[in-house]
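Visitor: build the 3D model from these lines:
(one chain, ligands or ions: 2)
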Amino acid sequence: MKHQSLLQSYEIAKERYQAVGVDVEKALAELQKIAISIHCWQADDVVGFENLGGNIGGGGIQATGNYPGRARNIAELRADIEKVLTLIAGSHRLNLHEIYGDFGSETVDRDAVEPRHFASWMDWAKQKGLKLDFNSTSFGHPKSGDLTLANPDKAIRDFWIEHTKRCRLISEEMGKAQGDPCIMNLWIHDGSKDQTVNRLKYRQILENSLDEIFATDYKNMKDCIEAKLFGIALESYTVGSYDFYLGYGAKKQKIVTLDTGHFHLTESIADKISSLLLFTPEIMLHVSRPIRWDSDHVTIMNDDILDLAKEIVRADALPRVHIGLDYFDASINRIGAYVIGIRATQKAFLQALLEPIAALRKYEENAQYFERLALLEEAKTLPWNAVWDYFCLKNNIPVGEAYIGEIQKYEREVTGKR
Ligand code: RNT
Ligand code: ZN
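Guide: Numbering: from 1, shown residues only. Ligands and ions are numbered 1, 2, ... in the order given. Have a look, this model is predicted:
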């Protein structure tokens, strides 16, 4: 489509939005500020770069598919992320897991990892204008088993406590280097395949481990804790359930991570925002797409994500919500998977920012519920897509489906040759 037509469509859309009291330019300025924490693990199917004898799997998560072109080393992963950045607008973050350290030929076990193993990541991120976030990694290791931080065996538990403490230190160093807090997520798979008759015991152990881990206060990193419904082969009991972390987060003022795939399938994640923000400092999101279970399909612009984005904007919560992605689909082009998910998330937030909220709120205050529902319905078909196209145009990135060709080209020249 021609520039001129895109600009004309944008002008018409602006007028249409004005009629319902929405300032399109203000919405665009807000969208430009929304940073998405891009998960590094879509690029390589959550394998990482440890030299501990390869990924041994386990830990209740699983990337499925064998599409060619997985990033096999740090250089490839960085090149892939750099490609992704040319196809999306805005300034973003990169979310690293501990297993993606720059270990060179060193064998570094998880309880021995140091900030220096991430020095090259920090340099690269600075060059690319990316901020870093971080995650401890307790899955895919000989000591992972079914229980890590909740393990009654002190030796194993201490190993993971040490690992997690070191990850906090690394996050602190990252935060310091980038002049912006590094958000560190803690997710463990601990649980049981079958009926558990001492559910309390493991939760008590986990609480104690967390207290020990969080004993040091840091200024340049923020902790978040992520619950889950269940993991593969750990279906009957999850030590770190939502109730557990919600309680812990409220009590200790930690950030609770909401992964959109970690709840009962009909549960609304959007509805959790306003309650969580009353009792915990901030929220971390893992925007994902569950299909029947926590399958980590590529995020798309579906009703769940739209509801979530709208709820965040309606609650004026953008400054208190960190938006990260979390999915790993190994069955399609991985660069494409990133771009689809990032653009879908941005589209959802754009629509949220374009909502005629003042008019809707007025109807609600006056108990005009027919009018509220009617405007909500009409708002769905307001020309947000013309605003989206303009956002891409303004940011000098491909408009609409034009990015497909760019990814095909990168596949021909780069990922297809791996
Ligand atoms: C697992 C959690 C967790 C992981 C990443 C790799 O169910 O969602 O966030 O996906 O840490
Ligand atoms: Zn997650």
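Visitor: was I right about Ser331 contacting Gly69?
Guide: No. Ser331 is beyond contact range of Gly69, at 11.8 Å (criterion: Cβ atoms under 8 Å). In short, each C-beta sits where N, CA and C put it, glycine included.
Visitor: of those two, who's got more company?
Guide: More crowded of Ser331 and Gly69, by other Cβ atoms under 10 Å: Gly69, with 19 against 13.
Visitor: tell me the secondary structure at that one.
Guide: coil (DSSP: H, G, I helix; E, B strand; the rest coil).
Visitor: ok, and the closest non-adjacent residue to it?
Guide: Computed as Cβ to Cβ, 6 or more residues apart in numbering, the closest residue to Gly69 that is not its neighbour in sequence is Thr415, at 3.1 Å.
Visitor: residues touching that neighbour, list them.
Guide: Applying Cβ atoms under 8 Å, 6 or more residues apart in numbering to Thr415 gives the contacts 68-69, 80, 333-335.
Visitor: from ligand 2, how far off is Ala75?
Guide: The gap separating Ala75 from ligand 2 is 26 Å, by Cβ to the ion, to the nearest Å.
Visitor: what is the burial count for that residue?
Guide: 9.
Visitor: tell me the SS of it?
Guide: With three-state DSSP as the criterion, Ala75 reads helix.
Visitor: ok, now Asn396?
Guide: With three-state DSSP as the criterion, Asn396 reads coil.
Visitor: need the per-residue pLDDT for it.
Guide: On pLDDT, Asn396 comes in at 97.
Visitor: neighbours around it, how many?
Guide: If you count neighbours by other Cβ under 10 Å, Asn396 ends up with 8.
Visitor: and stretch 136-143, anywhere near ligand 1?
Guide: No. Figure legend: stretch 136-143 not in contact with ligand 1 (Cβ under 6 Å from any ligand atom); closest approach 7.3 Å.
Visitor: residues touching the nearest residue to Asn66 once chain neighbours are set aside, list them.
Guide: In space, and not counting its chain neighbours, Asn66 is closest to Ala330: 6.3 Å by Cβ to Cβ, 6+ apart. Contacts here follow Cβ under 8 Å, 6+ apart; on that basis Ala330 touches 45, 63-67, 70.
Visitor: so where is the chain shaky, pLDDT-wise?
Guide: 1, 53-58 (pLDDT under 70).
Visitor: any residues of the stretch 151-300 of the chain in contact with ligand 2? List them.
Guide: Within the stretch 151-300 of the chain, the positions adjacent to ligand 2 are 259, 286 by Cβ under 5 Å from the ion.
Visitor: gap between the biggest helix by length in the chain and the chain center?
Guide: Taking DSSP state H as the criterion, the chain has its longest helix at helix 154-178. Offset of helix 154-178 from its chain centre (Cα atoms, centre = their mean, to the nearest Å): 20 Å.
Visitor: just confirm yes or no for that helix near ligand 1.
Guide: No. Using Cβ under 6 Å from any ligand atom, no contact is recorded between helix 154-178 and ligand 1, whose separation bottoms out at 11.8 Å.
Visitor: how many other residues sit next to the closest residue to ligand 2 within the stretch 301-418 of the chain?
Guide: Nearest residue of the stretch 301-418 of the chain to ligand 2 (Cβ to the ion) works out as Asp326 at 3.8 Å. Per other Cβ under 10 Å, the neighbour tally for Asp326 reads 28.
Visitor: rewinding a little: tell me the one among the contacts of Ala330 nearest to Phe370.
Guide: For the contacts of Ala330, the residue nearest Phe370 by Cβ to Cβ is Thr64; the value is 46.1 Å.
Visitor: ok, for Gly231, nearest residue in space, not its chain neighbours?
Guide: Sequence neighbours aside, Gly60 is the residue nearest to Gly231 in space, at 2.0 Å (criterion: Cβ to Cβ, 6+ apart).
Visitor: list the contacts of Met184.
Guide: Residues near Met184 by Cβ under 8 Å, 6+ apart: 133-136, 167-168, 171, 221-224.
Visitor: how close does the closest residue to it other than its chain neighbours get to ligand 1?
Guide: In space, and not counting its chain neighbours, Met184 is closest to Ser171: 4.0 Å by Cβ to Cβ, 6+ apart. Per Cβ to the nearest ligand atom, to the nearest Å, Ser171 is found 14 Å from ligand 1.
Visitor: looking at the stretch 101-250 of the chain, which residue is nearest ligand 1?
Guide: Nearest residue of the stretch 101-250 of the chain to ligand 1, counting by Cβ to the nearest ligand atom: Trp187, 4.3 Å away.
Visitor: can you tell me which helices and strands the longest helix of the chain packs against?
Guide: Under the contact criterion of 3 or more Cβ pairs under 8 Å, 6 or more residues apart in numbering; DSSP states H and E, helix 154-178 touches helix 119-128, strand 131-135, strand 182-186, helix 199-213, strand 221-226.
Visitor: and the stretch 251-400 of the chain, which of its residues are near ligand 1?
Guide: Looking at ligand 1, the residues of the stretch 251-400 of the chain close enough under Cβ under 6 Å from any ligand atom are 259, 286, 294, 326.
Visitor: and the strands in the stretch 201-350 of the chain, which stretches?
Guide: With strands called from DSSP state E, counting those that start in this stretch, the stretch 201-350 of the chain shows them at 221-226, 237-238, 255-259, 283-287, 289-291, 293-297, 321-325.
Visitor: so Phe370 lies in a helix, does it not?
Guide: Yes. If the criterion is three-state DSSP, then Phe370 is within a helix.
Visitor: what about it, neighbour count?
Guide: If you count neighbours by other Cβ under 10 Å, Phe370 ends up with 8.
Visitor: secondary structure element for Gly48?
Guide: Per DSSP states H and E: Gly48 is located in neither a helix nor a strand.
Visitor: ok, it - contacts?
Guide: Counting by Cβ under 8 Å, 6+ apart, Gly48 makes contact with 41, 55, 97-100, 137, 140.
Visitor: same question for Lys131.
Guide: Per Cβ under 8 Å, 6+ apart, neighbours of Lys131: 35, 93-94, 125, 178, 180, 182.
Visitor: now the residue nearest to it when sequence neighbours are not counted: how far from ligand 1?
Guide: Closest residue to Lys131 apart from its sequence neighbours, by Cβ to Cβ, 6+ apart: Arg93 at 4.5 Å. For Arg93, the distance to ligand 1 equals 15 Å [Cβ to the nearest ligand atom].
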